[in-house]
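Undergrad: predicted model and sequence follow; I will ask about them next.
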Amino acid sequence: MTGHLRQLLYDYLPMPALSMAVELSRRLNGSAHQKAWSRIDEQLGYPRKVLQGPFRGLDLIDAAAGMGLLPKVLGTYEREVWSSVESIVAARPDGVINVGAADGYYAVGLARRLPESQIVCFELNRYARHLLELQARRNDNAGRLTILGRCEPEGLAKSLADLRRPAVLCDCEGFEEELLDPERVPGLTRCRILVELHNSIRPDVDATIRERFAATHTVSHIEPAERSRSDLPSGVDLSDADVALALNEGRTDPTGWFDLVPVADAPRPAS
């Protein structure tokens, strides 16, 4: 199937038919890695609640099986940013903007942890927005999320306009270079920002973002880390080969993340 035809299906096929088509395609054309995930998932008894980490207890939907379901269930998905997520929760932002919300792992997870916060989700993919809605309903948070499509700087600026202590989580495949620009989105200067970097798509995007926020934020670089058996939740027993398969997120960009904290909010060194 060509990329153009696939996009037409995602844009115009009625959602029930699209859901069936995506699932059928996943079953027929899934990679060896995805098929191994399915086997391990069956071996574990098809758990659907996150077993550890900041979003422990989050109820996951079956339809997210092609979107890193097993590492999310095991609570090892992007575990490098656990402390950043907990810091965001502790700061009690009045609003969270999730750009590239995908199936809602972060958006719904944060909605559960931050019951008083507004949650705004931007997601370009129509099918992913459908999964996001399902995930929110599964966790009794359907009314908490505002779900929007493509995020442009103007839309991000509008979403931030009325927030005093916002947080932004961003994973948008290189478009962070356009979005995270305080000159175009002034509200970013007061934001706590956690962004996945995509230097393989936009060379030097990390240097660009660091320079833009040097005067207003402390910028911490979080590097991807290898997974090991010690990362598994208590009570989960897998062979060494299956541990490697189960915890492999298929990450291809080694750049990692930036955690940007407004200077006014950064902890001060002890005197």
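TA: The structure has been received and is ready for your questions.
Undergrad: any idea how far the nearest residue to Asn199 once chain neighbours are set aside lies from His221?
TA: Excluding the flanking residues, the one nearest Asn199 by C-beta to C-beta, 6 or more residues apart in numbering is Thr255, at 4.3 Å. Just so you know, the C-beta spots here come from the backbone N, C-alpha and C atoms, and that holds for glycine as well. As judged by C-beta to C-beta, to the nearest Å, Thr255 and His221 stand 9 Å apart.
Undergrad: then Asp240?
TA: Distance, Asp240 to His221, using C-beta to C-beta: 31 Å.
Undergrad: compare the two and say which is more crowded by neighbours.
TA: Higher neighbour count among Asp240 and His221: His221, with 12 against 9, using other C-beta atoms under 10 Å.
Undergrad: so what's that one bridging to?
TA: Beta-bridge pairing for His221 (DSSP bridges): Phe258.
Undergrad: right, and it touches Ala207 too?
TA: No. Using C-beta atoms under 8 Å as the test, His221 is too far from Ala207 to be in contact (11.0 Å).
Undergrad: could you look up the SS state of the residue nearest the centre of the chain?
TA: Note on the chain: the residue nearest the mean C-alpha position is Tyr106, at 5.0 Å, using C-alpha atoms, centre = their mean. Under DSSP: H, G, I helix; E, B strand; the rest coil, the three-state class of Tyr106 is helix.
Undergrad: what residues are up against it?
TA: Counting by C-beta atoms under 8 Å, 6 or more residues apart in numbering, Tyr106 touches Phe55, Val85, Asn98, Leu169.
Undergrad: for Leu197, see how far away the residue nearest to Asn199 is.
TA: According to C-beta to C-beta, Thr255 stands 4 Å off from Leu197.
Undergrad: neighbour count for those two, which is higher?
TA: The neighbour count for Thr255 versus Leu197, taken as other C-beta under 10 Å, is higher for Leu197 (24 against 19).
Undergrad: shared neighbours of Thr255 and His221, which are they?
TA: Asp206.
Undergrad: could you dump the contacts of Tyr106 to a markdown table with pLDDT?
TA: Formatted as a markdown table, the contacts of Tyr106 follow (pLDDT from 0 to 100):
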| residue | pLDDT |
| --- | --- |
| Phe55 | 97 |
| Val85 | 98 |
| Asn98 | 98 |
| Leu169 | 98 |
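Undergrad: those residues in helices, which ones?
TA: Applying DSSP state H to the contacts of Tyr106, the entries found in helices are Val85.
Undergrad: in JSON lines, list the contacts of Tyr106 along with neighbour count and distance to Val120.
TA: JSON lines is the format used below for the contacts of Tyr106 (neighbours: other C-beta atoms under 10 Å; distance: C-beta to C-beta, whole Å):
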{"residue": "Phe55", "neighbour count": "22", "distance to Val120": "18"}
{"residue": "Val85", "neighbour count": "22", "distance to Val120": "17"}
{"residue": "Asn98", "neighbour count": "29", "distance to Val120": "7"}
{"residue": "Leu169", "neighbour count": "24", "distance to Val120": "11"}
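Undergrad: and which of the contacts of Tyr106 is nearest Phe122?
TA: Asn98 (7.0 Å; C-beta to C-beta).
Undergrad: OK, contacts around that closest one?
TA: Residues near Asn98 by C-beta under 8 Å, 6+ apart: Tyr106, Ala107, Leu110, Ile119, Val120, Cys121, Phe122, Val168, Leu169.
Undergrad: next: Asn141.
TA: Asn141 makes contact with Val108, Ala111, Arg112, Ile119 under the criterion C-beta under 8 Å, 6+ apart.
Undergrad: which residues sit against the helix or strand containing Val219?
TA: Assigned by DSSP states H and E, Val219 belongs to strand 217-222. For strand 217-222, contacts defined as C-beta under 8 Å, 6+ apart pick out 80-81, 84, 193, 206, 209-210, 213, 256-263, 266.
Undergrad: for stretch 194-205, same thing?
TA: Contact partners of stretch 194-205, identified using C-beta under 8 Å, 6+ apart, comprise 81, 84-85, 88, 167-171, 173-174, 176-177, 180, 206, 208-209, 252-253, 255-260.
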